[in-house]
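Engineer: Predicted model and sequence below, questions to follow.
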Amino acid sequence: MLYKYFTEKLLGLQDVNIEKVEEIDNSIHINCRLKRKPHKCPCCGKLTDKVHDYREQPIKDIPAFGKHIFIHLYKRRYRCSCGKRFPENVDFLPRYHRMTNRLSLYIIDKLRNEVSFSSVAREVNLSVSSVIRVFDLVSYAPKELPSAISIDEFKGNTNSETYQCILTDPVNKVVLDILPKRYEHFLTEYFNRFDKSQRDKVQFFVSDMWKPYSNISSVWFKNASQIVDKYHWIRQVIWAFEAVRKQEQKNFSKSHRRYFKKSRQLLLKRFHYLSDEEKQQVNVMLYTSPTLSTAHFYKEDFLKILDCKDRQSAKTAFSDWINSALDCGIPQFKKCANSMLNWLPGILNSFSSAITNGFTEGCNNKIKVLKRNTYGYRNFKRFRNRILHIFSHQMQKQAIV
């Protein structure tokens, strides 16, 4: 299809007469004016097409073809018979603004990525404060509680607080909210805002092994099954074994210490996943230290619990391992066994449901990228909106489905 007014179509400006387009250095300047038409007087309501005067208004638009775009709009002021003078209506430009609507939307869309305000400001040829002012128009209200809640903390360093808290829906992959603090009294105040009917709908509460989360779950979500994330209780055993390895290798020569350190992945990997050559290397390392050999046995014995298919078999396997670890004579594994004993109900619930904190941990990684690219945030409200804005596409997908 051929367009007669191809310049207007290319620029996306409707009812505009393009008078001149010129290129100056790294920018394109478009001189235009709106088509003249009658306007309603805001004072008396009568229609008038009498022009009082013209004013040239420079406007910034979205960049195109690798260049900055400036629109020089010759704007009319109309005069009514009642004596009122008023400017003509411009659909693509709000009153008192010096940038187009689509430039504001372009900025907001760019900020869905983990980029800084400064990088977006350089791209659109605006000041950083102008970009921030546009973004501050975006706000997100807390959402209703879903059937499953996942909670975790991340290092945000905002508002004089080291850690902030993230709430997600691990089933539908949606970020629910970002909280400024992770303390129990603050979480109590936050969840108290929701009606009891909403809290009773929550069936699963997923968290790591931090006591305030467990207390919140037992008090405010009585109908929910508390699940301790698998990653967090498995790494307790890995940490215990690593502590033993580091302790034992201090007794070795320098060359042996380096060898053990470089071969730590072989020791951590499940034994039956190793090749024959790797198994031989592990056996040689374990032969040098009876304590490390014992720790390796308990680590391997624990990892066999992961093969359990149901809660009851996992309960039996955990009971046997905890009783054995408490008498193993290795302080690190004794401490680990006590932790497992304290968190056993939540750990066993992870065998009854496939819900984990995986999505939440992935969100935390994305937040770290944002924080690194932007060199951190001092304003928590802006930081919260920025995070929720980045994950807002997931809410849109959920609405479409």
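Structural biologist: Sure, I can see it.
Engineer: For the protein, which residues score under the pLDDT cut-off?
Structural biologist: When residues are selected by pLDDT under 70, those of the chain lie in 1-8, 394-401.
Engineer: What residue spans form the domains of it?
Structural biologist: 6-98, 101-138, 148-229+355-400, 230-349 (automatic domain parsing).
Engineer: Redo these as a markdown table? Include mean neighbour count.
Structural biologist: (C-beta placed from N, C-alpha, C; glycine too.) As requested, the domains of the chain are exported to a markdown table (neighbours: other Cβ atoms under 10 Å):
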| stretch | mean neighbour count |
| --- | --- |
| domain 6-98 | 14 |
| domain 101-138 | 16 |
| domain 148-229+355-400 | 17 |
| domain 230-349 | 16 |
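Engineer: Could you name the helices and strands sitting against the longest helix belonging to the chain?
Structural biologist: In the chain, taking DSSP state H as the definition, the longest helix is helix 230-249. Contacting helix 230-249 under the criterion 3 or more Cβ pairs under 8 Å, 6 or more residues apart in numbering; DSSP states H and E are the following elements: helix 254-262, helix 264-268, helix 290-303, helix 331-342.
Engineer: Out of those helices, flag the one nearest Phe194.
Structural biologist: Distances from Phe194 to each of the helices and strands packed on helix 230-249 were compared using Cβ to Cβ; the minimum, 28.4 Å, belongs to helix 331-342.
Engineer: quick one: stretch 110-125 to chain centroid distance?
Structural biologist: If you compare the mean C-alpha spot of stretch 110-125 with that of the full chain, they lie 17 Å apart, counting by Cα atoms, centre = their mean, to the nearest Å.
Engineer: What ranges does this protein have for its strands?
Structural biologist: For the chain, applying DSSP state E gives strands covering 16-24, 27-34, 39-40, 47-48, 51-64, 67-79, 85-87, 148-158, 161-169, 174-179, 204-207, 225-228.
Engineer: Adding distance to Glu300, write the ones you listed out as CSV.
Structural biologist: Putting the strands of the chain into CSV (distance: least, Cβ to Cβ, whole Å) gives the following:
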stretch, distance to Glu300
strand 16-24, 70
strand 27-34, 67
strand 39-40, 82
strand 47-48, 87
strand 51-64, 59
strand 67-79, 63
strand 85-87, 78
strand 148-158, 29
strand 161-169, 33
strand 174-179, 37
strand 204-207, 27
strand 225-228, 22
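Engineer: among the ones you listed, which is nearest Ser352?
Structural biologist: strand 225-228 (7.3 Å).
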